[in-house]
Every structure is written in C-alpha cells, then in structure tokens.
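Visitor: the following comprises the amino acid sequence and a computationally predicted model.
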Amino acid sequence: MDSLYGHPGNGFNILTSIISFLVILGVLVLVHELGHFLFAKGFGIKVLEFGFGFPPRLFSIRRGETLYSINLFPLGGFVKLLGEEDPSDPRSLAAKPAWIRSFVLGAGSFMNLLLPLVIFTLMFSFPQNTIQGDVEIQRVAPGSPAESAGLIPGDIISTINGNSVSNVADLSKEIRLNLGDKTKWEVFRPQSRFTGTSVFGGDPGLTTSIPPVSFQAFDLELIPRWNPPPGEGNAGIVISTINTEIVPISYPIWVAIPKGVGKMGETLILFRNEIVGWMLQTTSPQISGPIGIAQISGEVAEAGFGPLLELTALLSLNLAILNILPIPALDGGRLIFVFLEVLRRGRRVPPEKEALIHALGFAVLIGFIVVVSYFDILRILRGESLLN
C-alpha cells in the first residue's frame, strides 16, 4: 500500500556516493563559474584564472590571457579577475561601473537558476517511464481535513486544482504546494447495484463484495494542514495506486520548455513552504554539508539517472539562492558592497576593510561546514538518511 508518510532507504555506498557527488559538484561549479567568466569576458574584464577546486594547483594550461587550472580540493571553484579591488587598470573589475560589477557578481547565481530549467526541460523532452493508475483512498483519519471535506475510503482522486492525479507523486506534490490554501478536488465515488447485508451460506452477517457498476463525480474543497498529528499526513489520508501501468511520457520541446518553467516555479514554492514550516515549527531544518550531500547523491544515484538529474537541478537552485544571500565571502556579500557604493554616491568602502569582512565570513563558513560535517558523519554511523 502506498502512503504519504515518507520514503525508506538509508544505504550508503561510499564509492557511488563519492563519484556521484563529485560529478554533481563539478557540474554545479563549472556552470556557476562559467557565468562569472562569460559575463566578465562580455564586458571586457580581463580574466586571470578560471580554476576548478581550491589550491594548491595540480594542473594548469594557458589559453590567451587566461590560465585554466585544476586544483587539489574539489569543493568549489573560482574565477580570478583583474583588479577586483584596484580600479587602476581600465580592464579591471573595479574600474567598471557598479551595474556591470553587479551583473558579473550575480552571473553565477543566474547560471545556477538557468541550469535547472535546462534539466527539467530535457527531462520533459525525453521519454520517462511513469507509473499511471487510479489513486484510491484506503483510509481517512478522523477529524482530518479529508474527513471534513467529505472524502471516504474507496474514492478515486482524479484532479486537484485541475491538475491530473495519477500516482502518489502527483498527489503528494499537489498537497505540498498548497499547504494552508483551499484546494479543489475532483473525485469519483463508486456506486454499487445495492448496499446492505446478504448471506450466501456460511456465517450470517457477511457483506458481499460487489464490484461497482458506475462512478459518481464529486467536487470537494480541502485545506491541507501545516501541522498534522503524527502519522496522518497533511490531508489525513492513506492511499493506494490501483490499475497501474508503466507509461513512457515525453513532450515536444515547445511544450517541455513551459513545463520546465512550471517545474521551476513549483520547486521554489516548495522551498518557500519548507521555510514557512520551519517558522511554524511544523518541520525541522534539514541542514547538510558536503558529506551529507555525498550520502544523498549516492542514494539517489542508485534510483537511476533521472532522479540524479533532478537532484542536480535542486542542488543548483539551492546554490543559486545561497550565493545571492548577503553573506560575506559569497557573491551576495560582495553585491552588498556594490549597493553600498551606489547609496554612498560612488564612495567605496576601503578595499582592506571589505577584504577583512570577506575573510572573516569565509572563516565562519568553513567553521560551519566543519560542524555540519561532524553531524553528517554521526548520522551516517547511526545508519540514518536525510531521505527518510
């Protein structure tokens, strides 16, 4: 029986996890730094080095005026621009107007936002085997939103807010997208030839199971709750997908692109709902460092290439949002100083003070990663998973 109460699985294959993590990280870093690189080149800023990983340097090659390097620690990357703090050279970053510097600094997050759109579009474009069937309600929790709406066991959920529901994932997505909001459910309720008690020999009082001969359509309104009792779920139902079949589904590119945009929007809404859940104390923050992400990558990789692509898209969105936040040492932190310069009518914060703030911010980030990684290791040793 299917339900909406979580997903098992806490295997940790070290080799699979490491390889999957490094591949995903490599893609995210290259895409992010490529944004800075392309925008800098486009605005005539001299790029001194395009590096994957952090020094010491393992390998490098020069093409034109730019050095391309691979470094020992593969947990990031960088683009080194001429004169990031010194405006004396006309081709330096610091010599460019504030709006150009803002574009260059924000280009990494922009590319990390663009990558999920590309991934989701490709996923909609190529055939994917999808479970399709009738989503049937098996149980309704007393006092739940589902009971208040009038749902009963045996109802077949057809659509929510006009969106087709043909498997557990469809239903779960629609519920999580609309926590606290009124949703319109279309359900089909089986109608039998007769109801009551009949006896065909044996013990009296046995109810004969009669296959339904028709279904009656109902439109119901339901508000998924933020903080359900343990084991009940946001709507308060247990479901099962019946009459299932595996169907390869794909869309032409002109349909896949808007679907990819829609998927991006849904993902951002889920991010928002997760943060609101933290504020309402209905969910606990799931914070993980490189080790935890490696664990998740390995577990998802075992489910197939499609789920691994989707994880890459989700991590790219996370990276885009994190990097644009006003945190010293990150792109958003550097953008703050550009905005301060605009507010101060061109007067810049002294470069040595800005550099000190970014250095302190970087030290705090490294310390935070070390602490989070410690708890990641403890969780792995306990055999737990973030996907539970």
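Guide: Arrived safely, thanks for sending. Keep in mind that what you see is a predicted model, and the values were worked out from it rather than measured.
Visitor: from now on I want contacts and neighbour counts done on CA atoms only, so please keep to that.
Guide: Noted.
Visitor: so where's the stretch 101-250 of the chain shaky on pLDDT?
Guide: Low-confidence segments of the stretch 101-250 of the chain (pLDDT under 70): 192-213.
Visitor: how near is I366 to P153?
Guide: 52 Å (C-alpha to C-alpha, to the nearest Å).
Visitor: ok, now G233?
Guide: The value you get for G233 to P153, if C-alpha to C-alpha is used, is 16 Å.
Visitor: okay, those two: which has more neighbours?
Guide: Using other C-alpha atoms under 10 Å, the more surrounded residue of G233 and P153 is G233, with 22 against 14.
Visitor: is it true that that one lies in a helix?
Guide: No: counting by DSSP: H, G, I helix; E, B strand; the rest coil, G233 is not part of a helix but coil.
Visitor: how close does it sit to L356?
Guide: The value you get for G233 to L356, if C-alpha to C-alpha is used, is 48 Å.
Visitor: swap in K173?
Guide: In terms of C-alpha to C-alpha, K173 sits 44 Å off from L356.
Visitor: likewise I45?
Guide: 24 Å.
Visitor: out of the two, which sits in the busier spot?
Guide: I45 (25 against 13).
Visitor: can you tell me the closest non-neighbouring residue to the more buried one?
Guide: R91 (4.9 Å; C-alpha to C-alpha, 6 or more residues apart in numbering).
Visitor: ok, that neighbour - contacts?
Guide: R91 makes contact with G44, I45, K46, L82, according to C-alpha atoms under 8 Å, 6 or more residues apart in numbering.
Visitor: now swap in L171 and tell me
Guide: Contacts of L171 by C-alpha under 8 Å, 6+ apart are I160, V165.
Visitor: buried set for whichever strand or helix holds it?
Guide: Using DSSP states H and E, L171 maps to helix 168-177. Buried residues in helix 168-177, counting neighbours by 16 or more other C-alpha atoms under 10 Å, are found at V168, L171, S172, E174, I175, R176, L177.
Visitor: turn these into TSV, including distance to Y374.
Guide: As requested, the buried residues of helix 168-177 are arranged in TSV below (distance: C-alpha to C-alpha, whole Å):
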residue	distance to Y374
V168	35
L171	36
S172	32
E174	35
I175	34
R176	31
L177	33
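Visitor: which among the residues you listed gets closest to L105?
Guide: L177 (31.7 Å; C-alpha to C-alpha).
Visitor: for P328, see how far away that closest one is.
Guide: 32 Å.
Visitor: likewise P285?
Guide: P285 is 22 Å from P328, by C-alpha to C-alpha.
Visitor: so between the two, which is more surrounded?
Guide: P328 (25 against 12).
Visitor: so which elements touch the lengthiest helix in the chain?
Guide: Secondary structure of the chain per DSSP state H: the longest helix is helix 351-381. Applying 3 or more C-alpha pairs under 8 Å, 6 or more residues apart in numbering; DSSP states H and E, we find helix 351-381 packed against helix 290-301.
Visitor: same for the helix it packs on, what does it pack against?
Guide: helix 14-42, helix 305-324, helix 351-381.
Visitor: middle-most residue in the protein, spatially?
Guide: L314 (3.2 Å; C-alpha atoms, centre = their mean).
Visitor: how distant is stretch 27-39 from the center of its chain?
Guide: Computed by C-alpha atoms, centre = their mean, to the nearest Å, the separation of stretch 27-39 from the middle of its chain amounts to 20 Å.
Visitor: buried stuff in it?
Guide: Buried, per 16+ other C-alpha under 10 Å, within stretch 27-39: L28, V29, L30, V31, H32, E33, L34, G35, H36, F37, L38, F39.
Visitor: and stretch 228-245, by the same measure?
Guide: E232, G233, N234, A235, G236, I237, V238, I239, S240, T241, I242.
Visitor: what's near enough to touch the third one?
Guide: The neighbourhood of N234, defined by C-alpha under 8 Å, 6+ apart, consists of I175, L179, P224, R225, W226, N227, P228.
Visitor: mind doing that once more with 6 Å?
Guide: Counting by C-alpha atoms under 6 Å, 6 or more residues apart in numbering, N234 makes contact with P224, R225, P228.
Visitor: tell me if L67 really is in a strand.
Guide: Yes: counting by three-state DSSP, L67 is located in a strand.
Visitor: what's the local residue count around it?
Guide: 16.
Visitor: what kind of secondary structure is the nearest residue to it once chain neighbours are set aside in?
Guide: Using C-alpha to C-alpha, 6+ apart and skipping residues adjacent in sequence, the residue nearest L67 is E49, 4.5 Å away. Secondary structure, three-state DSSP: E49 is strand.
Visitor: partner residues bridging E49?
Guide: L67, K80 (DSSP bridges).
Visitor: thought it was touching K80?
Guide: Yes: between E49 and K80 there is a contact under C-alpha atoms under 6 Å: 5.0 Å.
Visitor: distance check, G233 against R176.
Guide: 10 Å.
Visitor: elements contacting the helix or strand harbouring W99?
Guide: According to DSSP H and E, W99 maps onto helix 98-125. Here helix 98-125 touches helix 14-42, helix 253-279, helix 305-324, going by 3 or more C-alpha pairs under 6 Å, 6 or more residues apart in numbering; DSSP states H and E.
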